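# Here is my input; please provide its structure:
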Amino acid sequence: MKRYLIKEELFQPKEPVFSIPYADVLNPAQYEAVTTLEGPLLVIAGAGSGKTRTLTYRVARLVEEGVRPGSILLMTFTRRAAQEMLRKAAALLDQRCEKVAGGTFHSFANFTLRRYAQKVGFESGFNILDRADAEDVINLLRAGLRLNAKGRRFPRKSTIANIYSKAANKTVPLEEVVLEDYPHFAADTPDLLRLNEAYQKYKRKHFMVDYDDLLIYLNALLEGNRDAREMLSQTYRYIMVDEYQDTNKIQANIVRLLASTHNNVMVVGDDSQSIYAFRGANFGNIIDFPKVFPGTKIIRLEENYRSTQPVLNVANVIIDRAQEKYTKVLFTRKKGGAVPALVAAEDEHVQSQFVAQRILELREEGIPLHEIAVLFRAGYHSFDLEVECNKRNIPFVKVGGFKFMETAHIKDFLAHMRILANPLDSVSWHRVLLLLENIGPKAADEIFQAVVGSGMGIKGLAALEPRPRYAQGFERLRQRLDSLETDHLPVVEVGARLMRYYQPILKKKYDDHPKRAKDLEHLLTIMERYRSIEKFLSDMALEPPNASVDDILAADYDNEQLVLSTIHSAKGLEWHTVFVISALEGRFPAMYAARSDEEMEEELRLMYVATTRAKENLYFTYPINIYDRANGVVLSRPSRFIDGISEDVLEQWSLVSEQEDDEDVW
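Have a look, this model is predicted:
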């Protein structure tokens, strides 16, 4: 028998040839994440480490490996993020990448539930209630249950919707949300539960779902229907999730169920940037991922492309203080950079003076205002700085909350003071009078005209005979304004007395009145340095000025704005120079954070996020003499998250006035 030898090398598979030089354009950690295609993968992406780039190249790699685009599922938190990644992947490779299934958890849930509507109890499909629609339904049912009875305080429709949504997203009892976030409505819990039951029945009866229901029903479908779960899992054989640290418990469970037949799931996120617990994000999802998916490979992206090494040194020290974390050390190949500064100010006003002056100096050095950001823990922390920016003609945009003078309760409060300063201020009179029970625009105008006609200013109220329906509120206002006009009090005492008068109105008008009361307490702190109401009110007028400061502000003044932002709103953004103000123990972390280790840990991560927004310059500032009225204590120490950092990592500055020393003054 003739023998024929088969040569083994003829059957050796050739190394695939890729059109993208992955190893050349990615750093080693990114390359490993992009080319690890099978099994569970957790990518811990440090701030500024190129996670979006990594996801984009991984989409291209999967397609280039021959994976069918429709079997790849990319989950993000905004539709725009998914579209942008797929567009970039298509530009890298070809149009096949745009056929990848990409979108938000909610859009994926909507698409899937349409296919399986009958399996979740919707015989003829369903309609989606947007937030405004959901609030209207709640309000309709609220009235039907007589929970809006006149004379009874009950949460407004928007507050009720917030409570229901938070309970759903955090998968906790409604009672727990009320006690933690709305304790002043604790007595209404039974009625809130009754209303929620009616709301759920109404939606089912009318084949409606709200945004939270989309996730709840998808989760129920995957858990309760084995055939649907296996079909979906086999359809989407490669799953990728962006910003995994921001997922809630339901979303994490959906990912687990979708990957049940293959475990080919890659999640990307940064445990150190998990700062949205108040929205329902669950820090445990990213920490427990290796337990949920045994055999998980963990890759750390630590090379930073945003910041200088001195900035990263501070960030590394801060996050190293976290109790629970994936250890990582950020580094960069960028050279140079100034050592970040910790600046102690005598009080809040001096803090504002320093920040404003340094901003103008940086602008003269060629750094545009829009490349500078001032970050803070809570919106009211910037109030004093807003006043200072106005004085110095520094235009700004505030992100993550209203500008000081745009908040309704501040407008309400200051309207009373404007009447004291100018009894002929018609706008302020109408605002003040419309706050009173049973006074409408017509009655308010009649009262104002009578005051003007009396020629006696505020004392003209005494000559009026109020109508019975609003006599009680009118008399209370009259007495308070009369006493404030005649007693010749310091500005801060006028404010304190007005606050005591306004407190019942605040409670009745706003469901979140405890938070708004903190704003008013802070306003009293600002009042302490004023000797006249007129000067105080003029400084509060924050309309953008028409003139610019010669040789400081450019001609394109209106187009160049400093950024003031809460840290939550700044996540994902970056600036050349960052100021973190009120980095003061008791404010950052907030005092309430001491009630649990979890909340304190999230506060620390918030400081890390603030730190890693800076590319070149970073300043932490804190006032050393702040009286906290609510707790009756003086705050004077820097935040525990930055206190004690060595001076070679965080340089300490002291501020000196020109009167004290003419040399080496910032």
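
# count of neighbours near the residue nearest to Thr235 when sequence neighbours are not counted?
The shortest distance from Thr235 to any non-neighbouring residue, by CB to CB, 6 or more residues apart in numbering, is to Ser71 (6.5 Å). (C-beta placed from N, C-alpha, C; glycine too.) Ser71: 16 surrounding residues under other CB atoms under 10 Å.

# I figured Ser71 was touching Arg237, is that so?
Yes. If you go by CB atoms under 8 Å, Ser71 and Arg237 touch, sitting 4.6 Å apart.

# Can you pull out the low-pLDDT segments for the stretch 51-200 of the chain?
Within the stretch 51-200 of the chain, the segments meeting pLDDT under 70 span 124, 150-152.

# Strands along that one, start to end?
Listed in chain order, the strands found in the stretch 51-200 of the chain under DSSP state E, counting those that start in this stretch are 72-76, 101-104, 127-128.

# What is the second one packed up against?
Applying 3 or more CB pairs under 8 Å, 6 or more residues apart in numbering; DSSP states H and E, one finds that strand 101-104 makes contact with strand 72-76, helix 79-92.

# Low-confidence bits of this protein, can you list those?
1, 5-16, 124, 150-152, 400-406, 486-487, 538-559, 629-632, 658-666.

# Flag every buried residue along the longest helix along it.
Counting residues, the longest helix found in the chain (DSSP state H) is helix 491-509. For helix 491-509, burial by neighbour count (16 or more other CB atoms under 10 Å) applies to 491-492, 494-499, 501-502, 505-506.

# want to throw the strands of the stretch 51-200 of the chain into TSV with mean neighbour count?
As requested, those are exported to TSV (neighbours: other CB atoms under 10 Å):
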stretch	mean neighbour count
strand 72-76	24
strand 101-104	20
strand 127-128	13
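
# could I get those strands as a markdown table with distance to Tyr164?
Listed next are those as a markdown table, based on distance: least, CB to CB, whole Å:
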| stretch | distance to Tyr164 |
| --- | --- |
| strand 72-76 | 24 |
| strand 101-104 | 20 |
| strand 127-128 | 16 |
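
# Only C-alpha atoms, please: export the strand ranked longest in the chain in PDB.
If you go by DSSP state E, the chain has its longest strand at strand 614-623. C-alpha atoms of strand 614-623 as PDB (Å, rounded to 0.1, in the frame of the first residue of the first chain):
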ATOM      1  CA  ALA A 614      -7.700  69.200  36.700                       C
ATOM      2  CA  LYS A 615      -5.200  69.000  33.900                       C
ATOM      3  CA  GLU A 616      -2.500  71.500  35.000                       C
ATOM      4  CA  ASN A 617      -3.400  73.600  38.100                       C
ATOM      5  CA  LEU A 618      -5.300  72.500  41.200                       C
ATOM      6  CA  TYR A 619      -6.200  74.500  44.300                       C
ATOM      7  CA  PHE A 620      -8.100  73.400  47.400                       C
ATOM      8  CA  THR A 621      -9.400  76.200  49.500                       C
ATOM      9  CA  TYR A 622     -11.100  76.300  52.900                       C
ATOM     10  CA  PRO A 623     -12.300  79.100  55.200                       C
END
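
# Please enumerate the strands of the stretch 251-400 of the chain.
265-269, 297-301, 341-345, 372-376, 396-399.

# Output these as CSV; include the columns distance to Leu26 and mean neighbour count.
Output for the strands of the stretch 251-400 of the chain, formatted as CSV (distance: least, CB to CB, whole Å; neighbours: other CB atoms under 10 Å):
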stretch, distance to Leu26, mean neighbour count
strand 265-269, 14, 25
strand 297-301, 10, 19
strand 341-345, 35, 21
strand 372-376, 30, 26
strand 396-399, 33, 18
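
# wait, which of these is closest to Asp136?
For these, the distance to Asp136 is smallest for strand 396-399, at 28.8 Å, taking CB to CB.

# For that closest one, give me every contacting residue.
369, 379, 382, 386, 389, 561-566, 569-570 (CB atoms under 8 Å, 6 or more residues apart in numbering).

# Quick check: of those, which has the highest neighbour count?
That'd be Ser382 among the contacts of strand 396-399, by other CB under 10 Å, with 27 neighbours.

# where does His522 fall, helix, sheet strand or coil?
helix (DSSP: H, G, I helix; E, B strand; the rest coil).

# Was I right to think it contacts Phe383?
Yes. His522 sits in contact with Phe383 when judged by CB under 8 Å, with a separation of 5.9 Å.

# what helix or strand does the residue positioned nearest the centre of the chain sit in?
Closest to where the C-alpha atoms of the chain average out (CA atoms, centre = their mean) is His568, at 3.4 Å. Using DSSP states H and E, His568 maps to helix 567-570.

# Tell me which residues are up against that helix.
Contacts of helix 567-570 (CB under 8 Å, 6+ apart): 275-276, 373, 375-377, 399-401, 580, 606-607, 609-610, 613.

# Please repeat the previous calculation with a cut-off of 7 Å.
Contacts to helix 567-570, defined as CB atoms under 7 Å, 6 or more residues apart in numbering, come from residues 275, 373, 375, 377, 399-400, 606, 609-610, 613.

# Scan those residues and report the most crowded one.
Of the contacts of helix 567-570, with other CB under 10 Å as the count, Leu375 tops at 32 neighbours.

# Tell me who's in contact with that residue.
Counted by CB under 7 Å, 6+ apart, Leu375 has contacts 565, 567, 570, 578-580, 610, 613.

# if I look at it, how far off is His522?
17 Å (CB to CB, to the nearest Å).

# circling back to that earlier point, save the contacts of strand 396-399 as JSON lines, and put in distance to Gly224 too.
Shown next, in JSON lines, are the contacts of strand 396-399 (distance: CB to CB, whole Å):
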{"residue": "Leu369", "distance to Gly224": "55"}
{"residue": "Gly379", "distance to Gly224": "43"}
{"residue": "Ser382", "distance to Gly224": "49"}
{"residue": "Glu386", "distance to Gly224": "52"}
{"residue": "Cys389", "distance to Gly224": "56"}
{"residue": "Gln561", "distance to Gly224": "52"}
{"residue": "Leu562", "distance to Gly224": "53"}
{"residue": "Val563", "distance to Gly224": "47"}
{"residue": "Leu564", "distance to Gly224": "48"}
{"residue": "Ser565", "distance to Gly224": "43"}
{"residue": "Thr566", "distance to Gly224": "40"}
{"residue": "Ser569", "distance to Gly224": "38"}
{"residue": "Ala570", "distance to Gly224": "41"}
